[in-house]
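In: how does the following fold in three dimensions:
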Amino acid sequence: MPAAATIRPPSRPKGSTSPYPDHLRALVEEFLAGLDFAATDPHERSQMAGTEGLIEAMRHSLLAGGKRIRPVLALATCEALGADPRGLLPAAAALELVHTYSLIHDDLPAMDDDDMRRGRPTCHVLYGEDTAILAGDALFAEAVRLVTDRQGGGAEVQVRILREISHATGVAGMVGGQYLDLQMAGRESSETLRRVHALKTGRLIACAVHCGLILARPPEAIDRALRDFAQELGLLFQIVDDILDVAGSAEDLGKAVGGDARQGKATYVSAHGLDGARRLAAEAHERARLALMPLGPSGGDLVSIADLTFARRN
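Out: Below you'll find the model as predicted:
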């Protein structure tokens, strides 16, 4: 590989984006569609009789589509490091289960109170709040089971991946960030806003990259570069989310826009204005691309994910 100083990130014509790695998304979709959440033991299957409605609610939200950014990011990290992305599919799918559980709970009346998600009725609207809560709980538990039962690489890899996921989703991660967001902590300062969203959104996105690092085990310099990339991508994702909630369309997003403003939440747009938020997004996007320089051409799919995140409309 050429020295890092001689590498330039792939050029991106103005107004265009790199192709999204749909070959990786197809792997994820196929794997998710094959999950039935039923026990393999016949006796346990018989004991699960009557839970079909719960599984239907789980699958309604899980199979609603989308770019599958988190699992695709995990697989793209593996591929960029020369590892077979199929080897990380169980962990990648587990990330999507965790993300889906968070969306189900975020949509509840006690949280963001949303009726639509990806153009479809939210889980609690179709199945009731009680079932939606249980569906989210079950998806998190099934994510853990996926890693312990199906993730290759041995016990050490499984434990390290579970540690990453638990750290990314607990009090020091997604759940803690959601709590702070509900408490309007982001209103205190721009720095607090960034911290809240680093926990709420950034941790799980970074976790996807970290899972790829655990399986592929790159040299220290590459590991550091990818961790920097993951941090910037998580920030970029949240800034763009905030922009779309103001400037996006309900048709593109598949849900109502303006929810943050109606609830009085602090966002990058409320803190910096729409133009300021767009400038911050452009800066995070550029930093994310620059962080990938040491990977050279092998980081192409990761560049594509950063480009899509910056340019996305939904």
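In: and the longest helix seen in the chain, what other elements does it pack with?
Out: Ranked by residue count and defined by DSSP state H, the top helix of the chain is helix 220-247. Contacting helix 220-247 under the criterion 3 or more Cβ pairs under 8 Å, 6 or more residues apart in numbering; DSSP states H and E are the following elements: helix 69-80, helix 190-197, helix 203-216, helix 259-262, helix 268-291, helix 300-311. Any C-beta I mention is one placed from the backbone N, CA and C, and that applies to glycine too.
In: ok and the third one relative to helix 69-80, angle-wise?
Out: Here helix 203-216 runs at an angle of 30 degrees relative to helix 69-80 (axes from the mean of the first three to the mean of the last three Cα atoms, to 10 degrees).
In: just the CA coordinates for helix 203-216, please, in PDB.
Out: Only the C-alpha atoms of helix 203-216 are listed here, as PDB (Å, rounded to 0.1, in the frame of the first residue of the first chain):
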ATOM      1  CA  ARG A 203     -22.300   5.100  19.400                       C
ATOM      2  CA  LEU A 204     -24.200   2.500  17.400                       C
ATOM      3  CA  ILE A 205     -22.900   3.700  14.100                       C
ATOM      4  CA  ALA A 206     -19.400   3.500  15.500                       C
ATOM      5  CA  CYS A 207     -20.100   0.100  16.900                       C
ATOM      6  CA  ALA A 208     -20.800  -1.200  13.400                       C
ATOM      7  CA  VAL A 209     -17.200  -0.300  12.400                       C
ATOM      8  CA  HIS A 210     -15.800  -1.600  15.600                       C
ATOM      9  CA  CYS A 211     -17.400  -5.000  15.100                       C
ATOM     10  CA  GLY A 212     -15.600  -5.200  11.700                       C
ATOM     11  CA  LEU A 213     -12.300  -4.300  13.400                       C
ATOM     12  CA  ILE A 214     -12.800  -7.100  15.900                       C
ATOM     13  CA  LEU A 215     -13.200  -9.700  13.300                       C
ATOM     14  CA  ALA A 216     -10.600  -8.400  10.700                       C
END
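In: show me what that helix is packed against.
Out: helix 69-80, helix 89-106, helix 155-169, helix 174-182, helix 220-247.
In: in that helix, what counts as buried?
Out: 203-216 (16 or more other Cβ atoms under 10 Å).
In: name the spans of the stretch 151-300 of the chain whose pLDDT lies under the cut-off.
Out: Residues of the stretch 151-300 of the chain meeting the criterion pLDDT under 70: 249-259, 261.
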